[in-house]
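Asks: I need the structure of the sequence given here:
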Amino acid sequence: QVHLVESGGGLVQAGDSLRLSCAASGLTFSTSDMAWFRQAPGMGREFVASITWSGDRTSYADSVNGRFTISRDNAKSTIYLQMNSLEPEDTAVYYCAAGRAAVYLRWGQGTQVTVSS
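Replies: Okay, the predicted model is just below:
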């Protein structure tokens, strides 16, 4: 059974940094593309960042490009999202997802990130 477990969320102030982690099990992590999505209150789920199975390509939403960095450690079956210069608009539940070719079928339960102004 596939499990994606996010951690690292919390309450921070605007301008602070956080690093999210997502530990994966039950899937062939080294051949899985991975991504982060987020969902703010009353909003739909939106793409944040993705990384290919090899780690050679990353992609970011315009709203986080230059502030967030996605990375992966295939030896630990874990991906990370380093979030710098956080803004109140970044407040959301952040979800980890696994898939291939931009189709994500496996999802974690999410971790709350709250940024106060």
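Asks: from Ser85, how far off is the residue positioned nearest the centre of the chain?
Replies: Nearest residue to the geometric centre of the chain (Cα atoms, centre = their mean): Trp36, 2.9 Å. From Trp36 across to Ser85, the span is 16 Å (Cβ to Cβ, to the nearest Å). C-beta: built from backbone N, CA, C; applies to glycine.
Asks: where does the residue nearest to the centre of the chain fall, secondary structure wise?
Replies: strand 33-39 (DSSP states H and E).
Asks: can you tell me the strand partners of that strand and which way each runs?
Replies: Strand pairing for strand 33-39, using DSSP bridges, gives strand 45-51 (antiparallel), strand 92-100 (antiparallel).
Asks: now for whatever helix or strand comes next after the shortest one, which elements pack on it?
Replies: Sequence order places strand 58-60 as the next helix or strand after strand 45-51, per DSSP H and E. Strand 58-60 makes packing contacts with strand 45-51, strand 68-73 when contacts are defined by 3 or more Cβ pairs under 8 Å, 6 or more residues apart in numbering; DSSP states H and E.
Asks: and strand 58-60, which strands flank it?
Replies: strand 45-51 (antiparallel).
Asks: just give me how far stretch 66-84 sits from the chain centre.
Replies: 8 Å (Cα atoms, centre = their mean, to the nearest Å).
Asks: neighbouring contacts of that stretch?
Replies: 17-25, 29-30, 34-36, 48-51, 55, 58, 60, 64, 85-86, 90, 94, 96, 113 (Cβ atoms under 8 Å, 6 or more residues apart in numbering).
Asks: which positions within stretch 7-17 qualify as buried?
Replies: By 16 or more other Cβ atoms under 10 Å, the buried positions in stretch 7-17 come out as Gly8, Gly9, Val12.
Asks: run through who's touching it.
Replies: 18-23, 82-88, 94, 111-117.
Asks: just the buried residues of the contacts of stretch 66-84.
Replies: Among the contacts of stretch 66-84, the ones that count as buried by 16+ other Cβ under 10 Å are 18, 20-24, 29, 34-36, 48-51, 60, 64, 86, 90, 94, 96, 113.
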